[in-house]
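# Attaching a predicted model along with its sequence, questions to come.
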Amino acid sequence: MFLFICSAIGFQSFALMYICFLHVILQKLNAMNPKPEIFIICGDLVDAYPNKFPKIRDAQIKDFKEALAGLSEEISVICVCGNHDVGEVPTHQTVAKYNKDFGDDHFYFWCKGVLFIVLNSQYYVDATRVPDLKKAQDNWLDHVLSLEERKKAKHTIMFQHIPWFLHQWYEKNVAIDVKNTLRTKQLVVYECDDQTTDVLLNIEKATRLSMLEKLHKAGVNKIFCGHAHFNCGGYYKNMEIVVTTAVGIQLGQDKHGIRLVQVQENDIKHKYFKIEDVPENINLIDTHEPKDICKETDTPKLTFNGLKMNFFKSILTLIGCTRRSPPPPVYLISFSVCKR
């Protein structure tokens, strides 16, 4: 089984929230029996952009790594690259810094006969300054999908930060109106057919459709994503896109939590849990919950879930947490059911 925690806070002043929740989540993971095989952080490992707040970013990276040092050695950690990790418009410098701090921005690995593919989704949003890196990832992906052993995989599962779509594969480009969101204190989104300088919540439609068809033809079963700060998702033919909300700031009505994914011989099941409801026995997952998929008519509202300062103080006292880090996206994966 794998665990997924998705999306950084996106608000610098609330960066401490994530690291506090991360400590609590790691305590719960360490108490699980049996333990999941993989803990996947699905992008926005830190909040501070590499080209805007380098000193704050370095401090957040330190906090992030110190927190993960408390995770049981029985659980492997996988990091996925997000827009906060390489910038909205990545450069060779920001990608190189990510590689130095966290490792490769795209790679694949096997676990118990299942193939996992990790992509840098920012190349599909804006690669104007790194066209060579995007081309290299595309060539690499074509090679991985054509591997003879991949055709024998029990499942092929993909992870990326930005989802191809939020609800439906044919939806328009969806962007956050940042100025009005900050002004009105609720999430303001709009649809557009053209490029925008605002932050996209999905990937541009023309790129999306060609990639979805390629991945579906190659036999990818599920694609797990973050970025949106609310639970949503849908299907392209029989390939499911699962978007999991943030550990920190919520832009919808979801509570802070993680997604547990149970990989079985002939099926992949997943379920979202509030942090306080994370079970000690990961084999309790029966099925994924359709209610996690937002309705097309849902308009998530910006909410801080009523968090008060005394809550932070009690958390800090409990876990001895200090300083300044944000909430990254994470998936926890366990293959305990897939051991035959």
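Arrived safely. Residues are numbered from 1 along each chain as shown.
# so where's the stretch 201-340 of the chain uncertain?
Applying pLDDT under 70 to the stretch 201-340 of the chain picks out residues 283-340.
# Helices of that one, start to end?
In the stretch 201-340 of the chain, the helices defined using DSSP state H, counting those that start in this stretch lie at 205-218, 309-319.
# Show me what counts as buried in stretch 96-110.
Of all the residues in stretch 96-110, those buried under the rule 16 or more other C-beta atoms under 10 Å are 97-98, 101-102, 105-106, 108. Glycine gets a C-beta too; all of them are placed from N, C-alpha and C.
# From those residues, which land in strands?
Tyr108 (DSSP state E).
# need the buried residues of stretch 96-110 in TSV with pLDDT and distance to Thr184, can you?
Formatted as TSV, the buried residues of stretch 96-110 follow (pLDDT from 0 to 100; distance: C-beta to C-beta, whole Å):
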residue	pLDDT	distance to Thr184
Lys97	96	35
Tyr98	97	33
Asp101	96	35
Phe102	95	35
Asp105	98	35
His106	98	37
Tyr108	97	42
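# Looking at the buried residues of stretch 96-110, which one is closest to Lys222?
Looking at the buried residues of stretch 96-110 and their distance to Lys222, the nearest is Tyr108, at 14.9 Å (C-beta to C-beta).
# Who's the closest spatial neighbour of the closest one, skipping the chain neighbours?
Nearest residue to Tyr108, sequence neighbours excluded (C-beta to C-beta, 6 or more residues apart in numbering): Ile117, at 4.7 Å.
# can you give me the angle the host helix or strand of Ile117 makes with helix 205-218?
Under DSSP states H and E, the secondary-structure element containing Ile117 is strand 114-118. Orientation check (axes from the mean of the first three to the mean of the last three C-alpha atoms, to 10 degrees): strand 114-118 against helix 205-218 gives 160 degrees.
# List the buried residues of the longest helix along the chain.
Determined from DSSP state H, the single longest helix within the chain is helix 15-31. Of the residues in helix 15-31, 15-26, 28-29 count as buried by neighbour count, 16+ other C-beta under 10 Å.
# which residues of the stretch 51-200 of the chain fall in strands?
Using DSSP state E, counting those that start in this stretch, the strands found in the stretch 51-200 of the chain span residues 76-80, 107-111, 114-118, 155-159, 173-176, 189-192, 199-200.
# Take the ones you listed and write them to JSON lines, including distance to Phe64.
What follows is those, written out as JSON lines (distance: least, C-beta to C-beta, whole Å):
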{"stretch": "strand 76-80", "distance to Phe64": "9"}
{"stretch": "strand 107-111", "distance to Phe64": "19"}
{"stretch": "strand 114-118", "distance to Phe64": "18"}
{"stretch": "strand 155-159", "distance to Phe64": "18"}
{"stretch": "strand 173-176", "distance to Phe64": "25"}
{"stretch": "strand 189-192", "distance to Phe64": "29"}
{"stretch": "strand 199-200", "distance to Phe64": "22"}
